[in-house]
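[1] Quick one, what's the 3D model for this:
(one chain, ligands or ions: 1)
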Amino acid sequence: MTVTVRFAPSPTGHIHIGNIRTALYNWLFAKKAGGTFILRFDDTDVERSKREFADAIEKDLAWLGVRPDRQERQSDRLSAYDAVVERLKASGHLYACYETADELERRRSRARAIGRPPVYDRSGMKLTDEQKAELEADGRKPHWRFLLPNFESDPHGIQRTDVTWDDLCRGPQSIDLGSMSDPVLIRESGSYLYTLTSIVDDIDMGVSHIIRGEDHVANTAVQLSIFRALEATAPVFGHHNLLTTIDGEGLSKRKGALSIGSLREDGLEPMAVASLAVLTGTSQSVEAVPSMDALADRFDLASVSKSAAKFDPEELNGLNARLVHEMPFEAVQPRLARLGIMADETFWETVRENCAKVADARLYWQIVRGSIEGQVEQDDLEFLTAARNLLPEGQIDEQTWKAWTSALKSETGRKGRGLFMPLRKALTGLEHGPDMQAMLPLIGRQNILDRLP
Ligand code: GLU
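    Predicted coordinates:
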């Protein structure tokens, strides 16, 4: 089977790590199968959809290394939806309803009060043409519902009707259409709901697999019925679990804090974000995976667990540090250059273990190149003066630190922390940092002498 998948965000906000999980699951699935990945903007809700959000989503995906093979906007495809709507109206699958939102809410509360499920009673279907004409003359506009196939021959004789599918993540699924309301597919304003437009696109674009969050499981039962009404073969479905915050709260596009853009601005590596987004909530261990190819090898929809997965943004820092510690110089050199660090491989190999983010290298670059203030304690003045006098002659290299500190040890009797710490603080201004043996040649004789009293 030719694999075609789509990531279909509504551009109504900035995407977060939970949305990226869906995008990456689709992307990796397509990548493994040599298939096609479509980025589709579900932007038929004209009030909430914004171009700037769509642009930001494209940028976020590009940053993660997700390159869509094809891009579509639902707002460009309205005529395709119009044609399908005409077909569904003609075949009796769509019917007009005139209740206002308030009326519907009142009916639902009444149903709940007497212990009935708050399911729409199909009263729109009972309206005669005259009644409809009257309502329209009163200025009411219809919304349109899809008649769910949950009856034998009388739509008011609703029966238990199980829709089943074999879910790529959740295994065999069964949902009773008899307990659901007929979904609204066309709003009073005439705009279409994504439930319908998505299917028209999935059919026209040859989508073979729909991989999305488990908040869409009930939609799937409805959508399978619509595929059938359109005499189309439905794609294979997979619903992955959702990520929640550490307190179990759902992630929301409105809470910008975990947006991909904010993680990028924090200087996190895309592969740290991708590793966490893909591996959290699966039976695999969450590790920093250095490339998309390596992540594709790990990725398996069947390993996604069935329950919601808590996500701790703190974990990103640890994953990020691990990626940076292993990052080869060739990969990082252009980024260092952009930070003003015109360093060579020796510098990077010396400092990377102490960088949680690539930009942390700036601090060490200042230490080896720039003017930093060394820290000199009053109690160490004498010791540091001795150090200045004992600094070995000639080239400062990897052996210098050992020779220098041995000589200092014999001269002053200091050892351990008392021997090393005053030197580290004077030469780097820090109490912790990269190995001094490797740092010394990078700092160089002139800086060393300038920082000693
Ligand atoms: N626009 C829908 C969403 O963002 C797409 C769901 C789907 O993948 O079918 O939830």
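
[2] what number of residues lie near the nearest residue to residue 223 once chain neighbours are set aside?
    Nearest non-adjacent residue to residue 223, counting by Cβ to Cβ, 6 or more residues apart in numbering: residue 199, 5.7 Å away. Every C-beta, even on glycine, is put in place using the N, C-alpha and C of the backbone. Per other Cβ atoms under 10 Å, the neighbour tally for residue 199 reads 25.

[3] quick one, phi/psi of residue 199?
    phi -70, psi -40 (degrees, to the nearest 10).

[4] Ok, the one 10 residues further on next?
    In this entry, residue 209 is assigned phi and psi values of phi -140, psi 130 (degrees, to the nearest 10).

[5] Would you mind measuring from it to the ligand?
    11 Å (Cβ to the nearest ligand atom, to the nearest Å).

[6] give the contact list for that residue.
    By Cβ atoms under 8 Å, 6 or more residues apart in numbering, the contact list for residue 209 reads 3, 4, 5, 26, 29, 168, 235, 236, 237, 238.

[7] Which strand residues bridge it?
    residue 236 (DSSP bridges).

[8] Looking at the contacts of residue 209, which one is closest to residue 379?
    For these, the closest approach to residue 379 (Cβ to Cβ) belongs to residue 26, at 61.9 Å.

[9] Which of the three states applies to the closest residue to the ligand within the stretch 101-250 of the chain?
    Of all residues in the stretch 101-250 of the chain, the one sitting closest to the ligand is residue 212 (3.7 Å; Cβ to the nearest ligand atom). The three-state label given to residue 212 by DSSP: H, G, I helix; E, B strand; the rest coil is strand.

[10] and it, how many residues sit next to it?
    21.

[11] and the closest residue to it other than its chain neighbours, backbone torsions?
    With sequence-adjacent residues excluded and distances taken as Cβ to Cβ, 6+ apart, residue 212 is closest to residue 22, at 5.7 Å. Per-residue torsions, residue 22: phi -60, psi -50 (degrees, to the nearest 10).

[12] Would you check that residue 22 makes contact with residue 213?
    Yes - look at residue 22 against residue 213 with Cβ atoms under 8 Å: they come within range, at 5.9 Å.

[13] between the two, who's got more neighbours?
    Neighbours per residue (other Cβ under 10 Å) separate residue 22 from residue 213, with residue 22 holding more: 21 against 16.

[14] show me what contacts that one?
    Contacts of residue 22 (Cβ under 8 Å, 6+ apart): 7, 211, 212, 213, 240.

[15] got the residues of this structure near the ligand?
    Residues of the chain found near the ligand (Cβ under 6 Å from any ligand atom) are 8, 9, 10, 42, 194, 198, 210, 212, 216.

[16] For residue 438, see how far away the closest residue to residue 349 other than its chain neighbours is.
    Spatial nearest neighbour of residue 349, excluding adjacent residues (Cβ to Cβ, 6+ apart): residue 329 at 7.0 Å. Counting by Cβ to Cβ, to the nearest Å, the gap from residue 329 to residue 438 is 14 Å.

[17] again with residue 72
    52 Å.

[18] More neighbours: which of these two?
    In terms of neighbours (other Cβ under 10 Å), residue 72 is the more surrounded of residue 72 and residue 438; the figures are 18 against 15.

[19] In the helix or strand encompassing that one, which residues are buried?
    Of the helices and strands defined by DSSP states H and E, residue 72 is found in strand 70-73. By neighbour count on 16 or more other Cβ atoms under 10 Å, the buried set for strand 70-73 is 72, 73.

[20] And for stretch 361-377?
    Going by neighbour count (16+ other Cβ under 10 Å), the buried part of stretch 361-377 is 361, 362, 363, 364, 365, 367, 368, 369, 372, 374, 375, 376.

[21] can you pull out the strands in the stretch 301-450 of the chain?
    With DSSP state E, counting those that start in this stretch, the ranges of strands along the stretch 301-450 of the chain come out as 309-310.

[22] mind pulling up the phi and psi values for the residue nearest to residue 8 when sequence neighbours are not counted?
    Spatially, and ignoring its direct neighbours in sequence, residue 8 is nearest to residue 40 (4.5 Å; Cβ to Cβ, 6+ apart). Note on residue 40: backbone dihedrals following degrees, to the nearest 10 are phi -120, psi 120.

[23] Residue 40 and residue 72 touch, don't they?
    Yes - between residue 40 and residue 72 there is a contact under Cβ under 8 Å: 4.5 Å.

[24] re earlier: so what does the next helix or strand after the strand holding residue 72 touch, helix or strand wise?
    Remark: after strand 70-73, the chain's next helix or strand is helix 78-90, criterion DSSP H and E. Secondary-structure packing of helix 78-90 (3 or more Cβ pairs under 8 Å, 6 or more residues apart in numbering; DSSP states H and E): strand 143-146, strand 184-186, helix 194-204.

[25] Does residue 352 touch residue 324 like I think?
    Yes - in this structure, residue 352 is within contact of residue 324 by Cβ under 8 Å, at 6.0 Å.

[26] For stretch 322-335, which outside residues touch it?
    269, 271-272, 287-288, 290, 344-345, 348-349, 352-353, 355-358, 360.

[27] Please pick the buried ones from the residues you listed.
    269, 271, 272, 288, 290, 348, 352, 355, 357, 358, 360.

[28] thought the second one was touching residue 291?
    Yes - the criterion here is Cβ under 8 Å, and residue 271 meets it with residue 291 at 6.8 Å.

[29] does residue 248 really touch residue 310, like I thought?
    Yes - in this structure, residue 248 is within contact of residue 310 by Cβ under 8 Å, at 6.8 Å.

[30] Just the C-alphas of stretch 432-445, formatted as CSV.
    Taking C-alpha atoms only, stretch 432-445 is exported to CSV below (Å, rounded to 0.1, in the frame of the first residue of the first chain):
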residue,chain,number,x,y,z
HIS,A,432,33.1,24.6,38.1
GLY,A,433,33.8,24.2,34.5
PRO,A,434,35.7,22.2,31.9
ASP,A,435,38.9,20.3,32.7
MET,A,436,41.6,22.7,33.5
GLN,A,437,44.3,20.6,31.8
ALA,A,438,42.5,21.2,28.5
MET,A,439,41.5,24.8,29.3
LEU,A,440,45.0,26.0,30.1
PRO,A,441,46.4,26.0,26.6
LEU,A,442,43.2,27.6,25.3
ILE,A,443,43.4,30.4,27.9
GLY,A,444,47.0,31.0,26.9
ARG,A,445,50.0,32.5,28.8
